[in-house]
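1. Next come a sequence and a model predicted from it.
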Amino acid sequence: MSQVSENAQPVRFHVQVGLAECLVRSRDEVGAVEAARNHFVERMPELSEIIRGIADKEFRVDRLG
C-alpha cells in the first residue's frame, strides 16, 4: 500500500451488491468493500456465508467525497 493511501482521510462511499446497498467510510475502494461486507453480514447474519462468498468485483463502489 502506498504512503498516500495510508495517510488519506476516510471518505464516504456508496456500495451496492445486487439489491443491497449502504454508505460506508473508508480510505479506499478495497476498504469500502470490506466495510460494506461487514455491514451486510451484521444486518443479515443468516446470509453471512453467501455475503462472504461474493467476489469483490461484484460490488459496485462509488466515491462520494
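-> Thanks, I have it. Numbers count the residues shown, from 1 in each chain.
2. Just give the nearest non-adjacent residue to the spatially most central residue of the chain, would you?
-> For the chain, V33 is the residue whose C-alpha lies nearest the centre (C-alpha atoms, centre = their mean; 2.2 Å). In this structure, V33 finds its nearest non-sequential neighbour in F59, 4.7 Å apart by C-beta to C-beta, 6 or more residues apart in numbering. All C-beta spots, glycine's among them, are computed from the backbone N, C-alpha and C.
3. Check D62 too.
-> Among residues not flanking D62 along the chain, H14 sits closest, at 4.6 Å (C-beta to C-beta, 6+ apart).
4. In three-state terms, label the one you found for me.
-> Here H14 is strand, with the state taken from DSSP: H, G, I helix; E, B strand; the rest coil.
5. show me what contacts it?
-> Contacts were defined as C-beta atoms under 8 Å, 6 or more residues apart in numbering; by that measure H14 touches E21, C22, L23, V61, D62, L64.
6. ok, now with 7 Å
-> Neighbour list for H14: E21, L23, D62, L64 [criterion: C-beta atoms under 7 Å, 6 or more residues apart in numbering].
7. Please name the bridge partners of V24.
-> According to DSSP bridges, the residues that bridge with V24 are F13.
8. Quick check: buried residues in the helix or strand encompassing V33?
-> V33 belongs to helix 29-43 when elements are defined using DSSP states H and E. Within helix 29-43, the residues scored as buried using 16 or more other C-beta atoms under 10 Å are G31, A32, V33, E34, A35, A36, R37, H39, F40, V41.
9. show me where pLDDT drops low in this protein?
-> For the chain, the stretches flagged by pLDDT under 70 are 1-6.
10. Now do the one helix or strand I50 maps to: which elements does it pack against?
-> Using DSSP H and E, I50 falls within helix 48-53. Contact analysis of helix 48-53 by 3 or more C-beta pairs under 7 Å, 6 or more residues apart in numbering; DSSP states H and E lists helix 29-43 as its packing neighbours.
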